[in-house]
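> Got a sequence here, can you build the structure:
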Amino acid sequence: MKRVEILKHLGIVTGTFRFALLFIIVTQFTVNWAMGDLIVRKILGPEVPTGKYKHPCSFDQLDNGDLYLAYYGGAGEYASGTVVYGARLNKETSHWSQPRKIAGNPFRSLGNPVVWQGPGGLVWLFYVTRFGDTWSTSRIKVKISRDGAVSW
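So this is what the prediction gives:
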């Protein structure tokens, strides 16, 4: 199972597990979990200069074994100018790269990215561009990387 391999690569699976939760940023939270394990891992926090707001991440294991993570950030969820960032967990070094902007629009806010590598090796980045005051006015956009999420 690819999901189990990803969790093992992140170092959060040592045996069986019931649930894994991955946070980009953890500032204050309360966790109550009655049955099973809940695993919380901070990957990127306020020290990363991609705006004070960092929101849902998506990640996939690439064909070379690296993990690639995408999220959006900016001044706030509905702030103008939110952009999509990507970061990579190198399989060999087990260190995350600094996030870099992988999708932006100077006139619109972007958000909710999903990254996926297909069977043919292409890495797909799906995200939305907001055209009104809320995310319900968004349109789905896509970018494709032909070099393992190095360029988009």
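
> if I look at the residue nearest to Trp152 when sequence neighbours are not counted, how far off is Gly74?
Of all residues not flanking Trp152 in the chain, Lys143 sits nearest, at 4.5 Å (C-beta to C-beta, 6 or more residues apart in numbering). For every residue, glycine as well, the C-beta is placed using N, CA and C. As for Lys143, its distance to Gly74 is 18 Å (criterion: C-beta to C-beta, to the nearest Å).

> now swap in Gly81 and tell me
As for Gly81, its distance to Gly74 is 6 Å (criterion: C-beta to C-beta).

> now Ile102
Counting by C-beta to C-beta, the gap from Ile102 to Gly74 is 14 Å.

> Pro119 belongs to a helix?
No: counting by DSSP: H, G, I helix; E, B strand; the rest coil, one finds Pro119 to be coil, located in no helix.

> Now do it, the pLDDT please.
On the pLDDT scale, Pro119 is placed at 91.

> where do the contact lists of Gly81 and Gly74 overlap?
Residues touching both Gly81 and Gly74 (C-beta atoms under 8 Å, 6 or more residues apart in numbering): Ser109.

> of the two, who's got more company?
Gly74 (22 against 14; other C-beta atoms under 10 Å).

> For the more buried one, list each beta-bridge partner.
Tyr53 (DSSP bridges).

> Now for it: which residues touch it?
Thr50, Gly51, Tyr53, Gly81, Thr82, Val83, Ser109.

> which SS class is the second one?
Under the three-state scheme (three-state DSSP), Gly51 adopts coil.

> and it, what does it touch?
Counted by C-beta under 8 Å, 6+ apart, Gly51 has contacts Gly73, Gly74, Ala75, Ala79, Thr82.

> What is the least confident helix or strand in the protein?
Here the helix or strand of the chain ranked lowest by mean pLDDT, DSSP states H and E is strand 21-23, holding a mean of 42.

> from the contacts of Gly74, which single one is nearest Leu69?
Ranked by distance to Leu69 (C-beta to C-beta), those are led by Thr50 at 12.0 Å.

> now that closest one: how far from Tyr85?
Separation of Thr50 from Tyr85 (C-beta to C-beta) stands at 5 Å.

> These two: which is more packed in?
Taking neighbours as other C-beta under 10 Å, Thr50 and Tyr85 compare with Tyr85 leading, 26 against 23.
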